[in-house]
Structures are given as C-alpha cells and as structure tokens.
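1. Return atomic coordinates for the entry below.
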Amino acid sequence: MNVLTGQRQGSPTFGYYRPNPQSILRLFCFPYAGSGIVMYRTWASKLPREVEVCPIQLPGRGVRISQPLCTEHSALAATLEDDIKAYSDKPCAFFGHSMGALLAFEVARNLRQHGQQGPLHLFVSGRSAPQVPRRRKKKLSNLPDDEFLEELRYLGGTPARVLERPEMVKTMIPALRADFSVVETYSYQEGPPLSCAISAYAGSEDTIERQDIEAWASQTTTLFSFTSFPGGHFFIHTSESLLLEALGKELKSLY
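-> Below is the predicted model of the structure:
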C-alpha cells in the first residue's frame, strides 16, 4: 500500500482513501461527469465507522493522469471492474451520482457476467434508469470551448471559481469532454435484472421525471426504494447531511 496515494498494486486509485481494517463493508463511490474524487472527501468521517469509503479516481486525472481518458462507457466500466476486483476481500456496496450511477450499474452487471461477487446494494443518485431514452438530445462533448464552458455554467456542477480560472479550465477540458462523451454515447443493452437491492435518490427540484427514476425498480429482482431530498440535480451537495443520514441507515442494514 502506498500510504500517500492510497494505491495498491493492481487496484484502483482512491483519493481521500482511509484504509479501515475494522470495516465490515466497502462503499465504492463513482463520480458524476465533470467532478472527481473531491466530492467524497468527507464521507468517511460522516458515514458509519464500519464502512470503508472508496472514492474511485477515473483514468486520466489525479494520480492516474498518465492513463488515457475513456470516452466510451463500456471501456470505462471494464476498467473500473478490473480495479474493483482487487478489493474483493470484503462485501461492498456501490454509490453513483448521475454519470456515476450508470457506471456503478454497468460495473455491477459486468461483475455478475464474469462470475464475480457484485455489490450487496446499489445506490443510484440523480439519474433516470438506464433503459429510459435520454431526454436531453443536445450533445456537449463536441461543442467549441466557449460554448462548452457556457453549458457547464448553466448545468451548475462545476464551481464558478474553477470556471473563472482559464489556466485550470484548459487542463480540465479534455477530462470534462471525455465524461460527457461517456454519457452521450451510452447505449443500454437488455439484460436480466440484478439480484441486489437498488435505492434511488433524487432532488425534489431536479428536471428528471420521477417515473424515469422509479424505472430503476425493473433492474432488480429484490427490493427497490425511492427517496427525494430538497434541491435540484446537485442535491448531493446542498442536502449532503440528509443524504448521508439516509445512506448511513441503509448501509447499516447490510451488516
């Protein structure tokens, strides 16, 4: 184990990863498009101590900067599947917001397909079910830089202080474009539902239709639940304390 980076040979790189030998369960956290591991930096101290929080660093950024960016969902899901296999010594759960929800879902399906132990529970946040056709037809990944940045300001997921620093934006644009390409090129493939329970979280003011989120119920053979929190698409930040309280209670039911 490299104490400085939290990286193990053959495993994913986790930012803000705090190894917890006393943990009973690992929670793998998948980021949304345009974000990173920083969004999960405080979760380890706010969730039950029996849970080891593992924020996944995507290729092409942070200490994985030397790895090529992934622009297609199946390639990225395959990479993350290989990463997670290195941490199969304990039961786990998956949490993903927006793009992260799709990645978590596809990684769970990949693990099942390859006869590996998948998550005990899948938490999907701020995302319609994968089989629901994409409502937003406009593609952002190929827009000119100025239009692309304007769209980012409109969506609100990238802090204004970041967008106001040209030197930082220039280094971030390739990774941001890659993330949006992953979402925009996603194509759902029919398959049997997962055997783990699914909990869907959403912001009460998000533009995603409730029925599109509740459609996640068809992706599990067991329990499904839906919980709404105050806020829009990024309620994960504005209602973080409420979200983590609910998530913590559900995680406790797994051990």
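
2. what's the pLDDT at residue 55?
-> We have a pLDDT of 92 for residue 55.

3. That one belongs to a strand, doesn't it?
-> Yes - assigned with DSSP: H, G, I helix; E, B strand; the rest coil, residue 55 falls within a strand.

4. And for it, the neighbour number?
-> By other CB atoms under 10 Å, the residues close to residue 55 number 25. Every residue, glycine included, has its C-beta placed from N, CA and C.

5. Next one: residue 113 from residue 188, what distance?
-> Residue 113 is 15 Å from residue 188, where distance means CB to CB, to the nearest Å.

6. Comparing these two, which residue is more hemmed in?
-> residue 188 (15 against 12).

7. So, low pLDDT: which residues of this structure?
-> 1-17, 136-137, 157-164, 166 (pLDDT under 70).

8. And the strands in it?
-> Under the criterion DSSP state E, the chain carries strands at the ranges 25-30, 51-55, 92-97, 121-125, 197-203, 224-229.

9. What strands line up against the third one, and which way round?
-> When sheet partners are counted by DSSP bridges, strand 92-97 sits next to strand 25-30 (parallel), strand 121-125 (parallel).

10. what do you get for the fifth one?
-> Here strand 197-203 has these sheet partners by DSSP bridges: strand 121-125 (parallel), strand 224-229 (parallel).

11. Give me the buried positions along the last one.
-> Along strand 224-229, these residues count as buried under the neighbour rule (16 or more other CB atoms under 10 Å): 224, 228-229.

12. Where is the longest helix in this protein?
-> If you go by DSSP state H, the chain has its longest helix at helix 166-184.

13. Packing partners of it?
-> helix 73-85, helix 99-113, helix 145-155, helix 160-163 (3 or more CB pairs under 8 Å, 6 or more residues apart in numbering; DSSP states H and E).

14. Tell me how many other residues surround residue 244.
-> Counted with other CB under 10 Å, the neighbours of residue 244 add up to 16.

15. From residue 98, how far off is it?
-> Per CB to CB, residue 244 is found 17 Å from residue 98.

16. With residue 246 instead?
-> According to CB to CB, residue 246 and residue 98 sit 18 Å apart.

17. Look at these two and report which has more neighbours.
-> residue 98 (26 against 17).

18. and the more buried one, what is it in contact with?
-> 32-33, 125-127, 183, 233 (CB atoms under 8 Å, 6 or more residues apart in numbering).

19. Mind telling me the two of these farthest from one another?
-> Pairwise distances among the contacts of residue 98 were taken by CB to CB; the largest, 14.5 Å, belongs to 125 and 183.

20. Counting neighbours, go ahead and name the busier of these two.
-> Shown here are residue 125 and residue 183; by other CB under 10 Å, residue 125 has more neighbours (26 against 20).

21. Give me the neighbour count for the residue lying closest to residue 119 once chain neighbours are set aside.
-> Of all residues not flanking residue 119 in the chain, residue 94 sits nearest, at 4.4 Å (CB to CB, 6 or more residues apart in numbering). Residue 94 is flanked by 29 other residues according to other CB under 10 Å.
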